[in-house]
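Undergrad: below are the sequence and a predicted model; questions follow.
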Amino acid sequence: MKSLMSLWSRLAEESASQCCTSAHSDINTVRMRVKHEGQSFLTITLPELGKATQKWLDQGKVGSYTAFRKEQGSRLPRFLGGFYARVFDAESGLLLDDPCIDSIIALRQLTLLFGKINLRCSPARERKAMRGYVECEHEVRESDARLTDSDISEFIHMSDLLFGRVFDRIDRDVYYGRLVPKHGPGSTADGLTGNSKFNQSVWTTRLESILPMGEYILPNWRFYDQLEECDLVEPGAETPVKVVLVPKTLKTPRVIAMEPTCMQYMQQAVLRSFLESLSQDDFLSKIIGFDDQVPNQELARQGSSDQRTATLDLSDASDRVSNQLVRAMLRRWPHLFEAVDATRSRRASIGDDEVIRLAKYASMGSALCFPMEAMVFTTLIFLGIQKSLNTSLRRRDLKRFSSSVRIFGDDLIVPVDHVRTVVRTLEHFGAQVGTSKSFWTGKFRESCGREYFNGHDVSIVRVRQVFPERRQDATEVVSAVSLRNLLYWRGYWSTVQWLDKELSRLLGYFPTVLPTSPVQGRESVLGFETQRTHPNLHSPLVRGYQVQAKLPHDHLEGSGALLKCLLKRGGDAYTRAEKPWHPTTHSTDELAFTVRLRDLPPEVSSNHLERFGRPKSISTKLRWSSPL
């Protein structure tokens, strides 16, 4: 807490200097409230003020907020009042005609800095999140019951118009057995991990009816005798998805569901066909994104400048996509319909003894959750636009919206002229638009982690981990180094000088390097330093810490090893996944550190039959390496 408080104080002082105001009383206020309220003030109370400020920017005036006192005779909060006075009029609370962009950035940076720090919630908040998951399930059922035959018919017509050609291609892939499955390194509901997944012996009768195990879990039919050892599970005996909590914010955790191995395996197969088919459509590839957030961010920037597009954020987006809508969307393609239905888990395990039947299509954790929710939301967006225009849209009519509609998961961008009808349509079909993170009234827009005001980038740097107390805290060290470098490129050079001293004292070796260097070092506009040259290559070297993550031992041999090698050759999924591991986590908008599948060490390609899975821990090692 002391380090976090020191970081906030230095950022406040530097921001005040940049905005020609004072933050002395603000720093005292934070110190007093942290003393009495603890870390929740930094991680919950301040971020709530930041979210309220964003809404005030969108609405063009200061609203009510009770967590901080107001100046006497003023509409502005006393806390951070010097910054607020450069953005809003103190007497009326209205947004100034020419607000200070630096002050807007400062307000967002100082209030939202710790909003997404990786700390575990209290048990009470975790229980509340689990109750919310169950309540959301009831709300999906209620929404399904409210939909009329006319609603479903309109939804089907629009989805056919948008995705008919794509579904034709995927349906053929399923029928002709052109799907390529894939195992990931993550956890599953039935406890299989790493290479052991390639020796799976459980299949469901639902999968067998459309995706027979002989075609997908055997290297070839010479191993058909192994099918005698496999269990075919009836629907009532299927392993349910396991609902678990992972850190998101200190206010609430993220709820995800771990799928059974066989389900996740074949979901990846259907997903690959979906992605390939969508990428081949010249219209849908422009409006639906799966791996590139830049188009969403650019549209958000344009929308903040010309007010032609709105940014919408959906609450509990994955958990509110009804399976009834997915079934309606796919009903004309029998093979695709059956494949998607067979790879969907029907029940979820909540805690140790509660199992519920799911009305939602799937929670986060299913490989098909993301594309299905994107297609459902795309259909509802254009259904809302059609209602707003009060005319039936045809395929050629849709193309004129390719520059004003964009979907990336639950980050939606729609034309402002139709936004209210789109919002009503989304909510009528069960979605929940998050009003605190949806913007269309003023000049503030947010999408895919980037925020803009009147064409200016007002994105901030976020702290994702607590500060390291010792060098062995590898995750925290990498996070702190990334934080230092992000703040440097954002221009907080005084704060960075303090961080440099802290990190140099902690690490001992903290050289100046380029962003592409594997060494944990400081980045600079002046380039890199050279401490010695390589004796053979004559290239520059510096001494510093590199992150290493050793994969767990997981020996695989026999037919399972052959299957894994054939799958690697049969699709590019594993090829893409096995890039050399690099700990760099820099992004232009926020700080994160995650060891992901695509970040595995180089040895995974040559030694994947001996070591596979997610690293259980990471460490740092002092060595000579390139600063480039």
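TA: Good, I have the coordinates.
Undergrad: so the closest residue in space to Lys182 that isn't next to it in sequence: helix, strand or coil?
TA: Spatial nearest neighbour of Lys182, chain neighbours left out: Gln268 (3.9 Å); criterion: CB to CB, 6 or more residues apart in numbering. Any C-beta I mention is one placed from the backbone N, CA and C, and that applies to glycine too. Recorded secondary structure, Gln268: helix (DSSP: H, G, I helix; E, B strand; the rest coil).
Undergrad: can you give me the neighbour number for Gln268?
TA: By the criterion of other CB atoms under 10 Å, Gln268 has 20 neighbours.
Undergrad: mind listing what's buried in stretch 443-455?
TA: Across stretch 443-455, burial judged by 16 or more other CB atoms under 10 Å covers 443-454.
Undergrad: same deal with stretch 346-363?
TA: 348-350, 358-363.
Undergrad: first-to-last residue distance for that stretch?
TA: 11 Å (CA to CA, to the nearest Å).
Undergrad: quick one: that stretch to chain centroid distance?
TA: 23 Å (CA atoms, centre = their mean, to the nearest Å).
Undergrad: and Arg450, what's its pLDDT?
TA: Arg450 is assigned 91 on the pLDDT scale.
Undergrad: any idea how far Arg505 is from it?
TA: The gap separating Arg450 from Arg505 is 34 Å, by CB to CB, to the nearest Å.
Undergrad: try Ser482
TA: 18 Å.
Undergrad: for Phe198, same thing?
TA: 47 Å.
Undergrad: who has more neighbours, the two?
TA: Phe198 (24 against 9).
Undergrad: show me the domain layout of this protein.
TA: According to automatic domain parsing, the chain is divided into the following domains: 2-115, 123-191+244-258+267-305+313-324+346-453, 474-625.
Undergrad: residues in contact with stretch 555-573: which ones?
TA: For stretch 555-573, the surrounding residues in contact (CB atoms under 8 Å, 6 or more residues apart in numbering) are 180-183, 195-196, 198-199, 217-219, 223, 226, 268, 272, 574-575, 608-610, 612.
Undergrad: which elements pack onto the longest strand belonging to the chain?
TA: What stands out as the longest strand in the chain, according to DSSP state E, is strand 540-548. The contact analysis (3 or more CB pairs under 8 Å, 6 or more residues apart in numbering; DSSP states H and E) places strand 540-548 against helix 474-489, strand 532-533, strand 619-625.
Undergrad: okay, the angle between the longest one and strand 619-625?
TA: Following axes from the mean of the first three to the mean of the last three CA atoms, to 10 degrees, one obtains 60 degrees for the angle between helix 474-489 and strand 619-625.
Undergrad: got the angle for helix 474-489 vs strand 540-548?
TA: 130 degrees.
Undergrad: remind me which residues of this structure are low pLDDT?
TA: The chain contains residues with pLDDT under 70 at 1, 569-606.
Undergrad: let's see it at 50
TA: 572-604 (pLDDT under 50).
Undergrad: got the contact list for the closest residue in space to Arg357 that isn't next to it in sequence?
TA: Of all residues not flanking Arg357 in the chain, Arg347 sits nearest, at 5.5 Å (CB to CB, 6+ apart). Listed by CB under 8 Å, 6+ apart, the contact set of Arg347 reads 238, 240-241, 355-358.
Undergrad: which one among those gets closest to Leu250?
TA: Val241 (25.9 Å; CB to CB).
Undergrad: what's the closest one sitting at in phi/psi?
TA: Val241 has phi and psi values of phi -70, psi 150 when expressed as degrees, to the nearest 10.
Undergrad: that one pairs with what?
TA: Applying DSSP bridges to Val241 yields these beta-bridge partners: Ala348.
Undergrad: that one: neighbouring residues, count only.
TA: Residues lying near Val241 (other CB under 10 Å) number 27.
Undergrad: use 9 as the first number for this chain going forward.
TA: Shifting the count to begin at 9 puts that one at Val249.
Undergrad: that one reaches Ala265, doesn't it?
TA: Yes. Assessed by CB atoms under 8 Å, Val249 is found in contact with Ala265 at 4.0 Å.
Undergrad: how about the secondary structure of Gln62?
TA: helix.
Undergrad: before we move on, what about Glu477?
TA: Taking three-state DSSP, the label given to Glu477 is coil.
Undergrad: got the contact list for it?
TA: Shown in contact with Glu477 (CB under 8 Å, 6+ apart): Glu484.
Undergrad: go through the longest helix along the chain and flag the buried ones.
TA: The single longest helix within the chain, with elements called by DSSP state H, is helix 157-183. The neighbour-count check on helix 157-183 (16+ other CB under 10 Å) flags 159-160, 162-164, 166-167, 169-171, 174-175, 177-179, 181-182 as buried.
Undergrad: next SSE after that helix?
TA: Next helix or strand after helix 157-183 toward the C-terminus (DSSP states H and E): strand 210-212.
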